[in-house]
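need a 3D model of the following:
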Amino acid sequence: MKHEAVKSDVTVVGGGLAGLCAAIAAARLGQKVALVHNRPVLGGNSSSEVRVWVCGATGHGINRYARETGIMGELFVENQYRNPEGNPYLWDLTLLEAVRSEPNISLYLNTDVREAEADGDAESRVIRSVTGWMMGSERLIRFESDAFIDCTGDGLVGFLTGAMYRIGREARSEFGEDWAPEAADDITLGSTLLFYTKDTGKPVRYVPPSFAKDITQTSIPIKRVIRSGDSGCHYWWIEWGGELDTVHENERIRDELWSVIYGIWDYIKNSGQFDADTMTLEWVGSLPGKREYRRFIGDTILTQHDIIGQRPFVDRIAFGGWSIDLHPPQGMYATESGSKHLYADGIYHIPFGSLYSRNVSNLLFAGRNVSATHVAFGTTRVMATCAVMGEAAGTGAALSVMKGISPRELRENHRAELQQVMLRNDASIIGIRNEDAADKALQSRASASSTMTRIRLDQPVEAYPLASDVGLLFPVEGAIGKLELLLAASERTELIVELWETGRAENYVPASLKSEHKLPLISGGKQWITIPVDGIADVDARPHNVFLIIRANKHVSLYKSAVPMSGVLAFERGQKPNVSSDLEERQPDQPVVEWSMRSLVRQPFCFAVDTGAYGAEKVIDGYARPYGGPHMWASDKMKAGQNEWLELEWDAAIRLSEIHLTFNDDVNEDLINLHHHETPFAVIPELVKDYDLEAWGDGEWRVLVQERGNRKRKRVHHLNEAIPADRIRIVVRETNGSGHAELVEVRVYE
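Predicted structure coming up:
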């Protein structure tokens, strides 16, 4: 046996998405990081070993402008380009390459941490080391560092070092959560195994193993959705073990799940009820995807009230948006629905106080083990949300080590610095401005070759009968000017329209009615009508969104636009049918579900409005994500052979050293890592493809950077030498498909 000792600044245990993002975040801040993972591939439940979709705040398109940025956003966009078909092995490679590209990370795969050393009493402890066994190499490795991040999911490191934790469901009375049970218990969400199928094109025999369960003797065929063409996460409901200990009885749970998978396939293949003669099993999981076990206790315990109330924590460092999604303890054998969902009106905020231990001073955590009640955990547990918490934990660990303080002290005394460092790296934080004193762009004046001051979507491609209420959301700043809508009427009629505001700047559903109008229509096709804007035009100059509701009218049709526009969304009213009312139960009167954009993504209705939402100054207003408006510059429509540019100018020359450009990658577009859906494009069309970065000096523009074929949101350009200049310009030569040059943020550092 070979004994080794590894010393680093930060040790991250667990190489799922939370741990991977934590390691990358700490490494990018100059810290030496040991990333220790007990499996041969990275990704945890998203890896090729388990194959769960990476879901997050978008909720599969329920929430608007909610896709994660930062490290998780980089992974989504890169995978979309490399792996549009959702090959799980190519996803593994995307993750592995992301880690290997960071020189400050030392990766230890197949290394199972099972021992830990910590000092102190139960109320105040410090971790000194953890020790892992590298399987297949017979290496016993001791990892020492100043900070440790537990991203194991099950919370093994925290458990071994005496961190306070909970397992199971809190009583309703403890936090006043109406989705909690009356009495506390040790019930958790169960584990799942998935399987893949394929059509071979020829008849295939299936002889079930002796342990395959006869599912016709269970409630499964009655209460769950079984289809011969489904595979992978369509079968998320093959879940069991919530009434057991999901760790200590992991093998028993796996065997039960196997018996059901092979029984389901026997039912599909041999019952005669399905067209499956040429289908075969391509892959069956062997590693149960766990949902829940230990949840550590931090200085903040996230609750149902924080989620639904969208509490704006002062120490917020990430956001989520998946529903509170809880499953029955009996899993696949339950006679009740397989899941029940409760949504906030938009994204919710996650505090840093939920990411470190209350009693172990150098322990942070991220993933499904964070400080939250069982009910709140029902939303924080999804992997893209775990990933953004991981980035925050990694950033917090790095800053704590650099300052020689605990994460608690970082939160109490350096909260703003933590948030500003994260924003500089494009992290997923909503509603906090860039106030980085070192960013010289904040002291500049912005101008542009052109600016879109009127949205006009006037290229109709398809008539849309107004069979139900629809919505149209658009950004304004100050008075909105003339508002027009393109429609057709089969006879003289009256159209009812309403103008609403959305309330919170992070929400995109109607919240308060401002005005209602009954507009007489004449018979005729493709006519533009003017909608009065009283009640909206007199609001203050803050950026905000207007939600236009157009009431159903069987005599009227709207028109879908041939092109989308950043900042504009269209909605249909009326909750879409679930996959099955037995399988998924959604609570009524949830606006984000009632107003669905899924069938109208990138297909707004033809309309026109004056707006001041796209000015050049938006790139230096401190916001790099939509928040009461798109917060980006958009040019007029680009013409062939004509470039667009945005310029920053200072009163006196500064010495340019580092320039950050954040382009628009449409965070409303729902991306995913595996096979849930595929976008019709490999690169987000709104992203700038070809651009030059120029500086003004000696009476002429000097080209500093020429970038071609860009497909990333965040670009950081380090200059080889400091360049004195009082003006810089980003010249947009071509986009990846959009008709407008769009730029979200510019940062400049000396």
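
below-threshold pLDDT in this protein: ranges please.
Low-confidence segments of the chain (pLDDT under 70): 535, 537-541, 575-579.

go with 80
478-479, 534-541, 575-582, 588, 675 (pLDDT under 80).

now do the helices in it.
Along the chain, counting by DSSP state H, helices occupy 17-28, 70-82, 88-100, 156-160, 172-175, 220-223, 250-270, 304-308, 374-380, 383-403, 407-413, 415-424, 591-594.

next, the buried residues of the first one.
Right, helix 17-28. 17-28 (16 or more other Cβ atoms under 10 Å). From N, CA and C alone the C-beta is placed, and that goes for glycine too.

for that helix, packing partners?
strand 10-13, strand 33-36, helix 70-82, helix 88-100, strand 105-108, strand 147-150, helix 383-403 (3 or more Cβ pairs under 8 Å, 6 or more residues apart in numbering; DSSP states H and E).

same question, the fourth one
Helix 156-160 sits against strand 111-121, strand 124-134, strand 147-150, strand 363-365, with contacts defined as 3+ Cβ pairs under 8 Å, 6+ apart.

and that helix, C-alpha only, in PDB?
Provided in PDB are the C-alpha atoms of helix 156-160 (Å, rounded to 0.1, in the frame of the first residue of the first chain):
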ATOM      1  CA  LEU A 156     -20.000  12.100   4.500                       C
ATOM      2  CA  VAL A 157     -17.200  14.500   5.200                       C
ATOM      3  CA  GLY A 158     -19.400  16.700   7.500                       C
ATOM      4  CA  PHE A 159     -20.700  13.600   9.200                       C
ATOM      5  CA  LEU A 160     -17.100  12.300   9.900                       C
END
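
need the residues that contact that helix.
Residues from elsewhere that reach helix 156-160, judged by Cβ atoms under 8 Å, 6 or more residues apart in numbering: 13, 113-116, 118, 127, 130, 148, 150, 165, 294, 296, 357, 360, 363, 365, 369.

again, only this time at 10 Å
11-14, 36, 38, 112-118, 127, 130-131, 148-152, 163-165, 247, 293-297, 357, 359-360, 363-365, 369 (Cβ atoms under 10 Å, 6 or more residues apart in numbering).

write the PyMOL selection for whichever of the residues you listed are buried.
Buried members of the contacts of helix 156-160, defined by 16+ other Cβ under 10 Å, are picked up in PyMOL with:
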select buried, resi 11+12+13+14+36+38+113+116+118+127+130+131+148+149+150+151+152+163+164+165+247+293+294+295+296+297+357+359+360+363+364+365+369
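
remind me, longest strand of this protein?
strand 714-735 (DSSP state E).

ok so, going back, can you put the buried residues of helix 17-28 in JSON lines and add distance to Ala397?
Output for these, formatted as JSON lines (distance: Cβ to Cβ, whole Å):
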{"residue": "Leu17", "distance to Ala397": "17"}
{"residue": "Ala18", "distance to Ala397": "13"}
{"residue": "Gly19", "distance to Ala397": "12"}
{"residue": "Leu20", "distance to Ala397": "14"}
{"residue": "Cys21", "distance to Ala397": "12"}
{"residue": "Ala22", "distance to Ala397": "7"}
{"residue": "Ala23", "distance to Ala397": "10"}
{"residue": "Ile24", "distance to Ala397": "12"}
{"residue": "Ala25", "distance to Ala397": "8"}
{"residue": "Ala26", "distance to Ala397": "6"}
{"residue": "Ala27", "distance to Ala397": "11"}
{"residue": "Arg28", "distance to Ala397": "12"}
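
buried residues, stretch 573-590. List them.
Buried, per 16+ other Cβ under 10 Å, within stretch 573-590: 573, 582, 584-586, 590.

which of those sit farthest apart?
Greatest spatial distance in the buried residues of stretch 573-590: Arg573 and Asp582, 24.7 Å, computed using Cβ to Cβ.

for the closest residue to Ile455 other than its chain neighbours, give its distance to Arg254.
Using Cβ to Cβ, 6 or more residues apart in numbering and skipping residues adjacent in sequence, the residue nearest Ile455 is Val609, 5.3 Å away. According to Cβ to Cβ, to the nearest Å, Val609 and Arg254 sit 57 Å apart.

thought Gly43 was touching Leu109?
No - assessed by Cβ atoms under 10 Å, Gly43 is found out of contact with Leu109, at 11.4 Å.

who's Leu486 bridged to?
Beta-bridge partners for Leu486, by DSSP bridges, are Trp528.

which non-adjacent residue is nearest Lys198?
Distances taken as Cβ to Cβ, 6+ apart place Glu282 nearest to Lys198, at 4.5 Å, with adjacent residues excluded.

coming back round to it: overlap in contacts of Gly43 and Leu109?
Residues touching both Gly43 and Leu109 (Cβ under 10 Å, 6+ apart) are 15, 37, 96.

so what are the domain limits for the protein?
As given by automatic domain parsing, the domain ranges for the chain are 2-161+298-326+341-424, 191-284, 440-450+614-749, 454-610.

can I get those in JSON lines with distance to Glu174?
Output for these, formatted as JSON lines (distance: least, Cβ to Cβ, whole Å):
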{"stretch": "domain 2-161+298-326+341-424", "distance to Glu174": "8"}
{"stretch": "domain 191-284", "distance to Glu174": "20"}
{"stretch": "domain 440-450+614-749", "distance to Glu174": "33"}
{"stretch": "domain 454-610", "distance to Glu174": "22"}
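
nearest to Tyr333, of the ones you listed?
domain 191-284 (6.0 Å).

and that closest one, how far out from the chain's middle?
30 Å (Cα atoms, centre = their mean, to the nearest Å).

returning to what we had before: for the residue nearest to Ile455, give its distance to Gln587.
Taken as Cβ to Cβ, the span from Val609 to Gln587 is 34 Å.

what of Leu661?
42 Å.

over to Asp230?
Distance of Asp230 to Gln587, given as Cβ to Cβ: 26 Å.

repeat that for Arg28.
For Arg28 relative to Gln587 (Cβ to Cβ), the value is 40 Å.

ditto for Asn110
In terms of Cβ to Cβ, Asn110 sits 43 Å off from Gln587.

same deal with Ile71?
33 Å.

so Ala416 sits against Val314, correct?
Yes - counting by Cβ under 10 Å, Ala416 touches Val314, with 9.4 Å between them.

Gly14: what's it in contact with?
For Gly14, the contacting residues are 20, 22-23, 35-39, 42, 44, 113, 149-157, 365-367, 369, 390, by Cβ under 10 Å, 6+ apart.

let's see 6 Å
Residues near Gly14 by Cβ atoms under 6 Å, 6 or more residues apart in numbering: 151-152.

and what of the one 5 residues further on?
Residues touching Gly19, when contacts are defined by Cβ under 6 Å, 6+ apart, comprise 12, 151.

so where do the strands sit in the stretch 601-750 of the chain?
In the stretch 601-750 of the chain, the strands defined using DSSP state E, counting those that start in this stretch lie at 607-610, 633-634, 644-663, 688-697, 700-707, 714-735, 742-749.
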